[in-house]
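> sharing a sequence plus its predicted fold:
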Amino acid sequence: METIRLKIDGREITAQAGQTILEVAKENGINIPTLCHLDGVEDVGACRLCIVDVHGQLVTSCTTKVGADMDVQTQTAPVKEYRRMILELLFAEGSHVCSFCVSNGGCELQDLACDLEMHSVRVPYSFPRNRIDATHPQFLIDRDRCVLCGRCVRVCAQVEGAHTWGFAERGSTARVITDLAVDWGQAESCTSCGKCVESCPTGAIVRKGASNAEMRKKADLVGRLTERREHE
Amino acid sequence: MNRRLDVLVCSGAACVSSHSAEVKSALACEIDARGLSDEIRLVETGCMGPCELGPVLLIYPGGTFYVRVSPNDVAEIVEEHFLKGRPVRRLLWETPEARRIAEEKKQVPFFEKQQKIVLANCGEIDPENIEEFIATGGYEALGRALTEKSPEELIETLVASGLRGRGGAGFPTGLKWRFVARESGKTKVVVCNADEGDPGAFMDRSLLEGDPHSVIEGMTIAAYAVGANHGYVYVRAEYPLAIRRLKTAIEQARNAGLLGLNILETGFAFDLEVRIGAGAFVCGEETALIASIEGERGMPRTRPPYPSTSGVFGHPTLINNAETWGNIRHIVLHGAQWFAAIGTPQSPGTKVFALSGKVVNTGLVEVPMGTTLREVIFDIGGGIPNGKAFKAVQTGGPSGGCIPAEYLDTPIDYESLKKLGAIMGSGGIIVMDEDNCMVNIAKYFLDFTCDESCGKCVPCRAGTRQMLDLLEKITDGKGETADIDRLRSLGMMVASTSLCGLGQSAPNPVLSTLKYFGHEYQAHIHEHRCEAKVCPSMIRFEINPAACRACDKCRTVCPVTAITGKPGTPPYQLDAQTCIRCGRCAEVCPFDAIAINSGDLN
């Protein structure tokens, strides 16, 4: 495989052709915040939190492949400011009240807020009031806590192969749905495998009846599964 | 008996909606009744351009151009013109700017400044008859390409012509062809993007309705040049007439051996499929369009990989806009030099624009690149109706920007418009006059993009929402000074971080109006004054006691009894608290006694 030399934050780094900027950064201990990225499924560049500056252009590091002599900046002032604004938009868009949430302490969105030093949200909250769908015997979804990262959709299609989860509607009314927007309990394609629960970064898709301490998700589950499949 | 007259009835969607079909059937009846069926041929054509004046008729020989024809005029036209040879003067196009009645189509100022290449056949031939297309030189370019030229030569011609994508971004078409041609994949795909979703734009629709074969021919030539055997035309479902005529054209081309397994007996195979969009604006974005063709939800994907490497079902895909396809056959026939000489060096050729809004002649125009906005709006468009003052022009639809009067002499080309914070876009030109509130216009466009955002990426989905909320706050009279900076920083963020072109360009209407009409935002926020008297929260109706004659008309139409008074004893009183600002009273007042005011009372 072809070896590529590039710079990340001024550091000279060698990488393999075909790797993404995010992969290379991770290998070299450079932290880039992510939300919609999940090991084991395809990257889609939806959350835009992993943006980096490549020669003055902002690109998502999860979907951009490394190139020879690339000069990647992961912490410029605009990049940091835009990441924070995106995060604030996510908080304002949903109903993310940590103290009431079963995922408090085990939530990727919360971790990002700490990492990116989000002290306040500068835009008004929209306080959505979606109905909680608890029709599934084991799991439930609270769409007010959904960040539309689409991890459940991709895991369900690409790893489980059930295609239960999908997107519906557009713009600020876009949401994830099960089958053709039926209640989850009525979704015949669902195998109740629980991969969406483990992949959901927030408290949107959770196990019913679980206490806060019990609801610790295994975000690396899907990555390990797909890795083992590749080794078979 | 010999045929002596061709009567062309415009059957573009605009004329159809102003009842051109009734005019045509009345004509057919009358011609039949007079026994003229053998002498006069009735032809339904595509859009002739001046949509405002529909239904329009064009009569050859002579080129007589009738406007606003109603079925009631038909008997007179047949009697006077068709039988006695005297054109019906009252139906000719009288142009106030030229102070003359145009005897012929080519004398009309609307057509004089235009140069029709892509639209040359629109309004001149029957789009449902392949023979008429062939008679104008149609499919000659395809024949020459297949028999006389190598794929490399064709791509060279395209590159040399300098043609750039007419969908808006202006990427050099020849280069795109070369990228796809160089791909090694066995299966390659050619796509026509006719998912024209900008409000006020109807270029692609008119081309497909008026000359569908030119698109088919362009795509077939490209397929040969890049080595593709399969193509898709993606049309939005809102264009039923375009879809019907396109399907008819494809069927005719197949029957004539111009599509299919053995095109013109050269052994080259290419066929087309029509895919109908389900109404999502974002599907005009190429990666979303490709997802939609594949049967997926129409959501954009990140680029690279570009469609030229991995497009429809992962195959190398050549995707161009309908108007771009319409240019191909002319370039192949007349050569790269001919094309490069039209327009400007950086943006050669012509561009079709859909002219709408506050302009006298709304409709479809085609002008060489480099024509100024002023020429298009005032010389061709006939200026602003009702003696109002020009305020701004919006190019590029919801992704474009508003350009103020001081830049009217800007030549229309990709770079000049971009410099002003607008874009060429697919060719919508919306003219605004003094009665348009620019904050409200920005809100209108943002409302559109906010609604049409696919919801995939956060900046576009949630950022445009926050921007829209801020604009609503300002037009509701609750704006704060800091809101302008908030709008600007949100706009910059959405533009720099969104996934696809929709989000990246969505803030343009807001950022451009902030730049050129910042004073209107300031007036809304600080003085609660809407200059154009559009924003309902900032206007009030007041009765001028000196002008009121107590006629009682206003009181009777007021739906909320905000107006009180006794007939014959002026002045009447208007209670501002009760008034819902519907404006009915001002409309009915015969004495102009009801004034609309805006701004804080000092």
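Sure, I can see it. What you see is a predicted model; the values in this text were computed from it and never measured. Numbers count the residues shown, from 1 in each chain, chains lettered A, B, ... in the order given.
> what about stretch A:185-199, average pLDDT?
Within the predicted structure, the mean pLDDT of stretch A:185-199 is 97.
> mind listing what the closest residue to residue B:137 other than its chain neighbours touches?
Among residues not flanking residue B:137 along the chain, residue B:333 sits closest, at 6.7 Å (Cβ to Cβ, 6 or more residues apart in numbering or on different chains). (Each C-beta comes from the backbone N, C-alpha and C, glycine too.) Contacts were defined as Cβ atoms under 8 Å, 6 or more residues apart in numbering or on different chains; by that measure residue B:333 touches B:137, B:140, B:141, B:144.
> also residue B:263?
By Cβ under 8 Å, 6+ apart, the residues touching residue B:263 are B:142, B:146, B:220, B:257, B:269, B:270.
> pull out the buried residues from these.
Buried by 16 or more other Cβ atoms under 10 Å in any protein chain shown: B:142, B:146, B:220, B:270, out of those.
> list the buried residues for stretch A:214-231?
Of the residues in stretch A:214-231, those scored as buried under the neighbour-count criterion (16+ other Cβ under 10 Å) are A:215, A:217, A:219, A:221, A:222, A:223, A:225, A:226.
> which one of the residues you listed sits closest to chain B?
Here the nearest of the buried residues of stretch A:214-231 to chain B, counting by Cβ to the nearest Cβ, is residue A:219; it sits at 19.3 Å.
> ok, now how distant is the closest one from residue A:206?
From residue A:219 across to residue A:206, the span is 13 Å (Cβ to Cβ, to the nearest Å).
> with adjacent residues omitted, what lies nearest to residue B:509?
That would be residue B:445: by Cβ to Cβ, 6+ apart, it lies 4.0 Å from residue B:509.
> which residues of chain A fall in helices?
Along chain A, the stretches classed as helices by DSSP state H are A:21-27, A:77-93, A:108-115, A:151-154, A:195-199, A:221-231.
> nearest to chain B, of the ones you listed?
helix A:77-93 (3.9 Å).
> tell me the angle of the closest one relative to helix A:108-115?
For helix A:77-93 against helix A:108-115, the angle between stretch directions is 140 degrees (axes from the mean of the first three to the mean of the last three Cα atoms, to 10 degrees).
> so which elements touch helix A:77-93?
Packing partners of helix A:77-93 (3 or more Cβ pairs under 8 Å, 6 or more residues apart in numbering or on different chains; DSSP states H and E): strand A:51-54, strand A:57-60, helix A:108-115, helix B:458, helix B:464-475, helix B:482-497.
> how about 6 Å then?
Contact partners of helix A:77-93 among helices and strands, from 3 or more Cβ pairs under 6 Å, 6 or more residues apart in numbering or on different chains; DSSP states H and E: helix B:458, helix B:482-497.
> list the contacts of the residue nearest the centre of chain A.
With distances taken as Cα atoms, centre = their mean, chain A has residue A:36 as the residue nearest its mean C-alpha position (2.3 Å). The neighbours of residue A:36, taking Cβ atoms under 6 Å, 6 or more residues apart in numbering or on different chains as the test, are A:46, A:47, A:149.
> which one (most neighbours) among these?
Counting neighbours by other Cβ atoms under 10 Å in any protein chain shown, the top entry in the contacts of residue A:36 is residue A:47, with 31 neighbours.
> any idea how many residues pack against residue 161?
Since no chain was named, I'll use chain A. Residues near residue A:161, counting by other Cβ under 10 Å, number 10.
> let me rephrase: I mean chain B.
Here the count is done by other Cβ under 10 Å, and residue B:161 has 27 residues near it.
> and the pLDDT for it?
97.
> touching, it and residue B:339? I think so.
Yes - counting by Cβ atoms under 6 Å, residue B:161 sits close enough to residue B:339 to count as a contact (4.2 Å).
> need the residues touching each of these two.
With contacts defined as Cβ under 6 Å, 6+ apart, the residues adjacent to both residue B:161 and residue B:339 are residue B:331.
> lowest-confidence helix or strand of the chain?
Assuming you mean chain A. helix A:221-231 (a mean of 91; mean pLDDT, DSSP states H and E).
> please refer instead to chain B.
Confidence across the helices and strands of chain B bottoms out at strand B:100-102, with a mean of 70, counting by mean pLDDT, DSSP H and E.
> and the next helix or strand past that one?
Counting by DSSP states H and E, the next helix or strand C-terminal to strand B:100-102 is helix B:109-112.
> select the longest strand from chain B.
strand B:268-277 (DSSP state E).
> how about that strand: buried residues?
For strand B:268-277, burial by neighbour count (16+ other Cβ under 10 Å) applies to B:268, B:270, B:271, B:272, B:274, B:275, B:276, B:277.
> got TSV for these, with pLDDT too?
Rendered in TSV, the data for the buried residues of strand B:268-277 read as follows (pLDDT from 0 to 100):
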residue	pLDDT
B:268	96
B:270	97
B:271	97
B:272	96
B:274	97
B:275	96
B:276	96
B:277	93
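> what's stretch A:114-129 in contact with?
Where contact means Cβ under 6 Å, 6+ apart, the residues beyond stretch A:114-129 that reach it are A:83, A:84, A:87, A:88, A:91, A:92, A:93, A:95, A:144, B:466.
> distance from the chain centre to it, please.
Per Cα atoms, centre = their mean, to the nearest Å, the displacement of stretch A:114-129 from the mean C-alpha position of its chain is 17 Å.
> and for stretch A:199-217?
Counting by Cα atoms, centre = their mean, stretch A:199-217 is centred 15 Å from the centre of its parent chain.
> over to stretch B:328-344?
With Cα atoms, centre = their mean as the basis, stretch B:328-344 stands 24 Å off its chain's centre.
> now stretch B:455-470
Here stretch B:455-470 is found 26 Å from its chain centre; the criterion is Cα atoms, centre = their mean.
> ok, it near chain A or not?
Yes - part of stretch B:455-470 sits near chain A under the criterion Cβ under 6 Å from any Cβ of the partner chain, namely B:455, B:456, B:457, B:458, B:459, B:462, B:463, B:465, B:466.
> closest one of those residues to chain A?
residue B:455 (2.6 Å).
> which residues in the stretch 501-602 of chain B form strands?
Listed in chain order, the strands of the stretch 501-602 of chain B (DSSP state E, counting those that start in this stretch) span residues B:539-543, B:563-566, B:569-574, B:594-598.
> swap in chain A?
If DSSP E is used as the criterion, the strands of chain A fall at A:3-8, A:11-16, A:51-54, A:57-60, A:71-73, A:139-141, A:165-168, A:175-178, A:205-207.
> need the contacts of residue B:263 in TSV with distance to chain A, can you?
Putting those into TSV (distance: Cβ to the nearest Cβ, whole Å) gives the following:
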residue	distance to chain A
B:142	39
B:146	38
B:220	34
B:257	42
B:269	34
B:270	32
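> just flag the most distant two among those.
B:142 and B:269 (13.5 Å; Cβ to Cβ).
> can you pull the pLDDT of residue B:497?
We note a pLDDT of 97 for residue B:497 in this prediction.
> correct me, but it touches residue A:82?
Yes - distance between residue B:497 and residue A:82: 5.1 Å, which falls inside the contact criterion (Cβ under 6 Å).
> which of those two has more neighbours?
Under the neighbour definition other Cβ under 10 Å, residue B:497 and residue A:82 were set side by side, and residue B:497 has more, 26 against 22.
> contact partners for the more buried one?
In this structure, residue B:497 makes contact with A:48, A:51, A:58, A:82, B:459, judged by Cβ under 6 Å, 6+ apart.
> what sits closest to residue B:145 if chain neighbours are left out?
residue B:221 (4.8 Å).
> go through the contacts of stretch A:114-129 and name the one nearest residue B:203.
residue B:466 (32.6 Å).
> now for that closest one: which residues touch it?
For residue B:466, the contacting residues are A:123, B:490, by Cβ under 6 Å, 6+ apart.
> just to revisit the earlier point, tell me the most packed of the contacts of stretch A:114-129, by neighbour count.
Counting neighbours by other Cβ under 10 Å, residue B:466 comes out on top of these with 26 neighbours.
> thanks a lot, see you next time.
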